[in-house]
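Asks: Build me a model from this:
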Amino acid sequence: MRILVINSGSSSIKFRLSEAVEENGALATRPALIEGAVKGIRGLVSFEVTGQQLGVSTDKIQAQDHIQAMRVLMDRLGDSLDSVEAVGHRVVHGGDRYVESTLITEQVEAGIDELSELAPLHNPACLAGIRGAKAVMGATVPMVAVFDTAFHRTMPEVARHYAIPTELADRHRIRRYGFHGIAHASLANGYAACTGRSLREARIITIQLGNGCSIAAIAEGRSIDTSMGFTPLEGLVMGTRSGDVDASLVSLLAEREKVEPAEVERWLNERSGLLGLSGRSNDMRELLRVAEQQRDERAELAIELFCYRARKYIGSYLAVLGGADAIVFGGGIGENAPDVRKRICRNMAWCGISLNADRNQAAVGLRPGSAAKISPDGSMPAVYVVAADEETWITKETAHCVQAIG
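Replies: Next comes the predicted model:
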């Protein structure tokens, strides 16, 4: 089955065209036929594509919205898309309504739209990608929504609830949903593929570090707990998000700054994290550079707090799992910043976590789906870097969903 994967962000669309096939009774994916991205939507954007017959191509184009971007994408890919049998879309928030990958109907599309109030920075972009693809490809090609929240549906009740009045939580659907589920599932499966170990026999902690960051405790292949909660704002320090803060800060800042609470929430989502702490950038590469070369104290504090919060969550998830077999780093920072991995794992020998300096330094720029061990042989828990391959996970989920409906 030839499947096009669409991963829509607020200003970008990543895509991959590949085939899902049955091999030895299991679903497998072949190398991508075409993949790339449209970046910078709402202006002069870059269109990047690589493929088995195309080499590498980068163009500048105009696209004011996702529908225009999808039209450009389809026009440029042309005949390559003629045999597409299904389209898989990453959708960030499925709430408690969509707990598995789902065929997109008008009702599902409306449901995703309703859930935008829980993920206002994400679901509208996902929905724009869906509508853009439908406008260009028509209604005959089945489309599947693969939800980031679905992987965390297995969290036990004690991890899903906030300690607020139950009637309020039920009335407003307030619970810890968790996010980055596709990435965490991909990291876990990358670890299993690298080690040859069944996830049913493993306890692992997966750490997704990019502009958005989260950590998950996984036992027997199931999410037991994760740092993001009702929205993607909870948990680790991120590029522009604060992560965990005292809830009373919202009303205090709203009163003292003479703004609405929604504006304070926007500050916590868009002006905080690495950007707010450093006053300079949300880009970890830039902060590492100025911290080393310019001795920038605010940049150093931002990096240290970022790593401290991650280390703190690792410790808590070791307690949740009763120990772990492996710690798995992924995401743009997790895959490509050895110094950040080193800082996070610093002074954790008490629980067996240590790094091999040479392995850690060498583990950058991994091929999607591949993994590298960065801890000494024999140490437990072992530490790995896995290059998450979300598109492959979405491809398989889409194929399973389409096959299930006949």
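Asks: Name the next helix or strand downstream of the helix or strand of the chain with the lowest mean pLDDT, please.
Replies: When the helices and strands of the chain are scored by mean pLDDT, DSSP states H and E, strand 55-63 comes last with a mean of 70. Downstream of strand 55-63, the next assigned helix or strand under DSSP states H and E is helix 66-77.
Asks: My guess is Ile182 contacts His152. True?
Replies: No. Using CB atoms under 8 Å, Ile182 is not in contact with His152, being 10.8 Å away. For every residue, glycine as well, the C-beta is placed using N, CA and C.
Asks: Leu366 against Asp389, yeah?
Replies: No. Using CB under 8 Å, Leu366 is not in contact with Asp389; the gap is 10.2 Å.
Asks: If you count surrounding residues, which of the two has more?
Replies: The residue with more neighbours, out of Leu366 and Asp389, is Asp389; 23 against 17, by other CB atoms under 10 Å.
Asks: wait, what's in contact with that one?
Replies: By CB atoms under 8 Å, 6 or more residues apart in numbering, Asp389 lies in contact with Ser186, Gly190, Pro368, Gly369.
Asks: Looks like the first one contacts Ala388 (just checking).
Replies: Yes. Because the distance of 4.3 Å satisfies CB under 8 Å, Ser186 is recorded as touching Ala388.
Asks: so what sits against both of those two?
Replies: Residues touching both Ser186 and Ala388 (CB under 8 Å, 6+ apart): Gly330.
Asks: Which one's more surrounded, those two?
Replies: Of the pair Ser186 and Ala388, Ala388 is the one with more neighbours under other CB under 10 Å, namely 30 against 26.
Asks: tell me which element that one falls in.
Replies: Taking DSSP H and E as the definition, Ala388 sits outside all helices and strands.
Asks: and what of Leu27?
Replies: Here Leu27, judged by DSSP H and E, is contained in strand 26-29.
Asks: Show me the strands paired with that strand, marking each as parallel or antiparallel.
Replies: Sheet pairing here is set by DSSP bridges, and for strand 26-29 it gives strand 12-23 (antiparallel).
Asks: Mind listing what's buried along the strand it pairs with?
Replies: Ser12, Ile13, Lys14, Phe15, Arg16, Leu17, Ser18, Glu19, Ala20 (16 or more other CB atoms under 10 Å).
Asks: Can you lay out these as JSON lines showing distance to Leu288 and pLDDT?
Replies: Listed next are these as JSON lines, based on distance: CB to CB, whole Å; pLDDT from 0 to 100:
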{"residue": "Ser12", "distance to Leu288": "24", "pLDDT": "79"}
{"residue": "Ile13", "distance to Leu288": "29", "pLDDT": "84"}
{"residue": "Lys14", "distance to Leu288": "25", "pLDDT": "87"}
{"residue": "Phe15", "distance to Leu288": "30", "pLDDT": "91"}
{"residue": "Arg16", "distance to Leu288": "30", "pLDDT": "93"}
{"residue": "Leu17", "distance to Leu288": "35", "pLDDT": "91"}
{"residue": "Ser18", "distance to Leu288": "34", "pLDDT": "91"}
{"residue": "Glu19", "distance to Leu288": "39", "pLDDT": "91"}
{"residue": "Ala20", "distance to Leu288": "39", "pLDDT": "90"}
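Asks: check contacts around the nearest residue to Glu35 once chain neighbours are set aside.
Replies: Spatial nearest neighbour of Glu35, chain neighbours left out: Arg16 (4.0 Å); criterion: CB to CB, 6 or more residues apart in numbering. When contacts are counted by CB under 8 Å, 6+ apart, Arg16 touches Leu4, Val5, Ala32, Ile34, Glu35, Glu391, Thr395.
Asks: hmm, try it at 6 Å
Replies: Contact partners of Arg16, counting by CB atoms under 6 Å, 6 or more residues apart in numbering, are Val5, Ala32, Glu35, Glu391.
Asks: what about the third one, is that helix, strand or coil?
Replies: At Glu35 the chain is in strand, as set by DSSP: H, G, I helix; E, B strand; the rest coil.
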